[in-house]
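A.B. asks: The following comprises the amino acid sequence and a computationally predicted model.
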Amino acid sequence: MNLVLCLTEQCNLRCTYCYYKESQADRKTVMDDATLEQAIKIALDRTIFFRQSYLNITFFGGEPLLRRDAIYKGVEFAKAIVDDAMDKGKISKNFKLQFAVNTNATLFDDEFFDFCEREKFRIYLSLDGPEHHHDIARRTVNNTGSFKAIEKHIPRFVKLGAVALSTVTRAHVSTLFESVKWLHEQGFQSLTTSVDFDGKWSGEDFDKLALQYQKMADYWRECREKGDKFFLGTIHDKVKIRLINSRYRLYSCHVYNGAIGVATNGNMFPCTRFITSNPNTHYVQGNVFTGFDEAACDKIRVFLDNDKKECEGCDIRYRCCAHECACTSYYTTGTIEGVSPEVCTHERMLAEICDTLLEKMA
Ligand code: SF4
Ligand code: SF4
Ligand code: SF4
């Protein structure tokens, strides 16, 4: 089970591509202790009910390090109830409790690094690339770049095996490959890029992106041939799913195996992009205090079990984010059933590059 806890909707940055950006000023809520504990309890109960062998808890925001106190409390509480469930024989002694944090990295210090090291946190760090690339979109509330606040910590992030997440907008596209290479050269061994689909990508933008992906694919292949296990998710996932003849939902979608995203007010959602404390929203799966709304959960199950009509017969549908990822569909079209023409174009282009790469690697 994967539990994502939105500890706060507040953030110390104002990234131009933030999916909260339209409502940034209204997002002031934080998760209280009772909600935090109840969310962890309900996730563990669900994990036990589904006889799963692990619980991953991700601290999320806004910027979760604005609620460092809540992260510490959450970890202690989760460890205590997992120990109790083990003592009572509800879960096996091999049960795995794991923690992660999704962060903009600007508020890290030695104390928090030590804590992450001690608790074996998986760190997902938003870092778009070198300063000139990163600071295009990742701005502070005062509209200055945020790179300088992260730079000094890069070696420690690398030492802890942090995963770098780099977002690509139309303004970043020409320097994408250079940034990926730079991140790898800093020592990041795990990195994924994702596109900010804003409905404005033109054919020319996609041509530029295809060129960058081509360079990334060649670079990744060269690394692998040299024995470097560099994980470049953008390319690796598409190649791997094709090779093992699987589908994205089974390979890496947490929703399929059970995921709960909890908003500051305790409302539960199927994945990260849906999470909001705004009551006028879609796909609420219940509330941590009142339990799951099974009818709402069923809608997600139906989505997961069926192919999209628009994609009937498309060879790449099981590798396509527009088809497989509920979050991508939701944020690009407003519904999980929708298909964004922009994502469709992107996925076809990337699949072709990855298929050609596979032929070269055969
Ligand atoms: S760090 Fe994340 S939450 Fe904060 S403004 Fe940037 S994208 Fe939004
Ligand atoms: S819905 Fe999309 S973002 Fe969420 S876990 Fe599945 S693939 Fe990942
Ligand atoms: S590439 Fe287009 S048609 Fe094919 S699965 Fe994706 S969205 Fe559907």
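C.D. replies: It's in. Ligands and ions are numbered 1, 2, ... in the order given.
A.B. asks: Any regions of this structure where pLDDT drops low?
C.D. replies: Scanning the chain for pLDDT under 70 picks out the ranges 22-24.
A.B. asks: any idea how far ligand 2 is from the most centrally placed residue in it?
C.D. replies: The residue lying closest to the centre of the chain (C-alpha atoms, centre = their mean) is Thr272, at 7.2 Å. Distance, Thr272 to ligand 2, using C-beta to the nearest ligand atom, to the nearest Å: 6 Å. Backbone N, C-alpha and C define where each C-beta goes, glycine included.
A.B. asks: Please apply the same query to Gln38.
C.D. replies: 23 Å.
A.B. asks: Does that residue lie in a helix or a strand, and which?
C.D. replies: When elements are assigned from DSSP states H and E, Gln38 belongs to helix 33-49.
A.B. asks: Show the subsequent helix or strand relative to that helix.
C.D. replies: Downstream of helix 33-49, the first helix or strand assigned by DSSP H and E is strand 54-60.
A.B. asks: Residues touching that next one, excluding its own?
C.D. replies: 1-7, 40, 43-44, 47, 67, 70-71, 74-75, 78, 82, 95-102, 124, 261, 272, 275 (C-beta atoms under 8 Å, 6 or more residues apart in numbering).
A.B. asks: same thing with stretch 14-26?
C.D. replies: 9, 11, 27, 62, 104, 126, 136-141, 143, 167, 169, 196, 198, 273, 278, 331.
A.B. asks: just to revisit the earlier point, so which of the contacts of strand 54-60 sit within helices?
C.D. replies: Judged by DSSP state H, the contacts of strand 54-60 include 40, 43-44, 47, 70-71, 74-75, 78, 82 as members of helices.
A.B. asks: Take those residues and write them to TSV, including distance to ligand 3.
C.D. replies: Shown next, in TSV, are the ones in helices among the contacts of strand 54-60 (distance: C-beta to the nearest ligand atom, whole Å):
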residue	distance to ligand 3
Ile40	36
Ala43	31
Leu44	36
Thr47	32
Ala70	38
Ile71	37
Gly74	37
Val75	39
Ala78	37
Val82	39
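A.B. asks: Let me know the closest of the residues you listed to Arg247.
C.D. replies: Thr47 (23.7 Å; C-beta to C-beta).
A.B. asks: My guess is the closest one contacts Met1. True?
C.D. replies: Yes - under the criterion of C-beta atoms under 8 Å, Thr47 makes contact with Met1 at 4.1 Å.
A.B. asks: Give me the common contacts of these two.
C.D. replies: Common contacts of Thr47 and Met1, defined by C-beta under 8 Å, 6+ apart, comprise 54-55, 258.
A.B. asks: is any part of the longest helix belonging to the chain close to ligand 3?
C.D. replies: The residue-count maximum for a helix in the chain (DSSP H) belongs to helix 203-225. No - applying C-beta under 6 Å from any ligand atom, one finds helix 203-225 separated from ligand 3 by no less than 13.1 Å.
A.B. asks: What is that helix packed up against?
C.D. replies: Using 3 or more C-beta pairs under 8 Å, 6 or more residues apart in numbering; DSSP states H and E as the contact test, the elements touching helix 203-225 are helix 176-186, strand 231-232, helix 233-243, helix 341-361.
A.B. asks: The chain against ligand 1: which residues are in contact?
C.D. replies: Near ligand 1, when you scan the chain using C-beta under 6 Å from any ligand atom, you find 11, 13-15, 18, 20, 61-63, 104, 126.
A.B. asks: Give me the contacts around the helix or strand encompassing Lys148.
C.D. replies: Using DSSP H and E, Lys148 maps to helix 147-151. For helix 147-151, the external contacting residues (C-beta under 8 Å, 6+ apart) are 104-106, 125, 127, 130-131, 134-135, 138.
A.B. asks: which among these gets closest to ligand 2?
C.D. replies: Nearest to ligand 2 among those is Leu125, at 17.1 Å by C-beta to the nearest ligand atom.
A.B. asks: Hmm, that closest one is touching Leu160, no?
C.D. replies: No - using C-beta under 8 Å, Leu125 is not in contact with Leu160, being 9.6 Å away.
A.B. asks: who's more crowded, those two?
C.D. replies: Leu125 (23 against 15; other C-beta atoms under 10 Å).
A.B. asks: related to what we said a few turns ago, which of Thr47 and Met1 has more neighbours?
C.D. replies: Neighbour count, other C-beta under 10 Å: between Thr47 and Met1, Thr47 has more, with 25 against 21.
A.B. asks: Now do the same contact list for the more buried one.
C.D. replies: 1, 54-55, 91, 258.
A.B. asks: how much space between it and Asn2?
C.D. replies: Thr47 sits 10 Å away from Asn2, taking C-beta to C-beta, to the nearest Å as the criterion.
A.B. asks: got any residues that touch both of these two?
C.D. replies: Contacts common to Thr47 and Asn2, judged by C-beta under 8 Å, 6+ apart, are Gly258.
A.B. asks: which element is the closest residue to ligand 3 within the stretch 51-200 of the chain on?
C.D. replies: Residue nearest to ligand 3 within the stretch 51-200 of the chain: Phe197 (12.0 Å; C-beta to the nearest ligand atom). Assigned by DSSP H and E, Phe197 belongs to no helix or strand.
A.B. asks: re earlier: which residues does the longest helix of the chain contact?
C.D. replies: Contacts for helix 203-225 (C-beta under 8 Å, 6+ apart): 168, 170, 173-174, 176-177, 180-181, 184, 193, 195, 201, 230, 232, 234-236, 345-346, 349-350, 353-354, 356-357, 360-361.
A.B. asks: For the helix or strand harbouring Asp84, which outside residues touch it?
C.D. replies: Take DSSP H and E as the rule and Asp84 turns out to sit in helix 68-87. With C-beta under 8 Å, 6+ apart as the contact definition, helix 68-87 has outside contacts at 5, 7-8, 30-31, 33, 36-37, 40-41, 44, 48, 55, 57, 59, 64-65, 91-93, 95, 97, 99, 101, 107, 112, 115, 119.
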